[in-house]
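Visitor: Need the 3D shape of this:
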Amino acid sequence: FMQYLKGLEYLWLVFFIMIVAGIAKERNLFMPMYSYIKDSFKSNRLVLFLISAFSGVLPIEGRVTVSAGVLDTIAHKDCGHNHGRQKMGVVDYLSTHHYYLWSPLEKTVIIPMATFGLGYVAWLNMIWPLLLVSAVFILYYIFFKVKEEEIAIESVPFKISAITRNILPFLLAIGTYIYVGGDKYIFTIFGLLALYYVFITQTWDFNKLKSYINWEVLLTVAVVIILGNYFKSQEALINEYIKGLGVDINTVLGMLIVSVIGFVASFLMGSSGKFIALAVLMSSVFGPQYFLWFFAVDYAGYLLSPTHKCVMVGNRYFGTPLKTYYSALGIWCGLLLLVAGISTFLF
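Guide: Model (predicted):
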């Protein structure tokens, strides 16, 4: 039973980031910096892009939660801007999931490089079609789907203390987490960060702090982690099944059958480590020339997975309906499959 509870320490990250984000938003701790960028470039969406770009390259487990907390500081709270707030969930997701395509620190890059004996430049040379279409879609969503008025940035005077006192500790906590590695330090690092913000703002009211916590998010993420662990435990059975498939990969029907099986398996497991393992396995069985296709298929299954906790974070944090999520993610996944299909079967 304990194997199904693996990863629940992630809940501490969600818990403390909620407190930090709640205090930062209510006390406008980050707003002077946002306002300075907005006033300099006359664009709320540029601020949104910079925030999402920064959070999207953090080499940490749980960057989607960190990103959600920061994005929440520029998201409207009132019901009149509900639609705009919901889009923040999509931006949060998009900006933190291109990482799996290019980061040399991520197992989705390391495993295939090691398996196929690729250097990093060779990897980029192979994966670039998926990277390009992802970058174009993310930029399109931020600059064309999100409206200027849907981003809540007030014009306030800039002070250097906005960086040294308010923002720098946040960045130091993230840097420390990256440096020390390991989820066992989540409670200490982000617990101290939350305590720091409580101290500098003198927010000692327990009921006020409790109001920053979305308990439904914590419960939902816990359930998703447990379900994901269960399906991950079935990986050996899935691998054996794929190896035993007696299909002709050179036929349209055979390719379709194998692709659907890979998609469904990745969809159920909702794990980056598992989807890339499946893609590598299927490429090893049916031929490395199909790797880009299998990567796109299994990556799409992972992105759309209901056992992928990142969907639930934004769904509960920003109130983003699953329909809104999947309308955006469906287009992204469709573009990934289209580009991978063209690269694999036409060139």
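
Visitor: For stretch 330-345, give the mean pLDDT please.
Guide: Here stretch 330-345 scores 95 as its mean pLDDT.

Visitor: Show me which residues of that stretch are buried.
Guide: 332, 333, 335, 336, 337, 339, 340, 343, 344 (16 or more other CB atoms under 10 Å). For glycine as for every other residue, the C-beta is placed from the backbone atoms N, C-alpha and C.

Visitor: and if you look at stretch 114-121?
Guide: Under 16+ other CB under 10 Å, the buried positions of stretch 114-121 are 115, 118.

Visitor: okay, how far is it across it, tip to tip?
Guide: 13 Å (CA to CA, to the nearest Å).

Visitor: ok, and what's touching that stretch?
Guide: Contact partners of stretch 114-121, identified using CB atoms under 8 Å, 6 or more residues apart in numbering, comprise 104, 109, 112, 113, 126, 280, 283, 284, 288, 291.

Visitor: how far is the strand or helix carrying residue 327 from where the chain is centred?
Guide: Following DSSP states H and E, one finds residue 327 within helix 322-345. Centroid separation between helix 322-345 and its chain, computed with CA atoms, centre = their mean, to the nearest Å, is 16 Å.

Visitor: Output it in PDB with nothing but the alpha carbons.
Guide: Extracted C-alpha coordinates of helix 322-345, given in PDB (Å, rounded to 0.1, in the frame of the first residue of the first chain):
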ATOM      1  CA  LEU A 322     -11.700  20.700 -17.900                       C
ATOM      2  CA  LYS A 323     -13.400  21.700 -21.100                       C
ATOM      3  CA  THR A 324     -11.200  24.900 -21.300                       C
ATOM      4  CA  TYR A 325      -8.100  22.800 -20.500                       C
ATOM      5  CA  TYR A 326      -8.800  20.100 -23.100                       C
ATOM      6  CA  SER A 327      -9.900  22.500 -25.800                       C
ATOM      7  CA  ALA A 328      -6.400  24.100 -25.600                       C
ATOM      8  CA  LEU A 329      -4.400  20.900 -24.900                       C
ATOM      9  CA  GLY A 330      -6.300  19.100 -27.600                       C
ATOM     10  CA  ILE A 331      -5.100  21.600 -30.200                       C
ATOM     11  CA  TRP A 332      -1.500  21.400 -28.900                       C
ATOM     12  CA  CYS A 333      -1.600  17.600 -28.900                       C
ATOM     13  CA  GLY A 334      -3.100  17.600 -32.400                       C
ATOM     14  CA  LEU A 335      -0.300  19.800 -33.700                       C
ATOM     15  CA  LEU A 336       2.300  17.600 -32.100                       C
ATOM     16  CA  LEU A 337       0.800  14.500 -33.700                       C
ATOM     17  CA  LEU A 338       0.500  16.300 -37.100                       C
ATOM     18  CA  VAL A 339       4.100  17.500 -37.100                       C
ATOM     19  CA  ALA A 340       5.400  14.100 -35.800                       C
ATOM     20  CA  GLY A 341       3.300  12.200 -38.400                       C
ATOM     21  CA  ILE A 342       4.600  14.400 -41.300                       C
ATOM     22  CA  SER A 343       8.200  14.100 -40.100                       C
ATOM     23  CA  THR A 344       8.000  10.300 -39.600                       C
ATOM     24  CA  PHE A 345       5.900   9.100 -42.500                       C
END
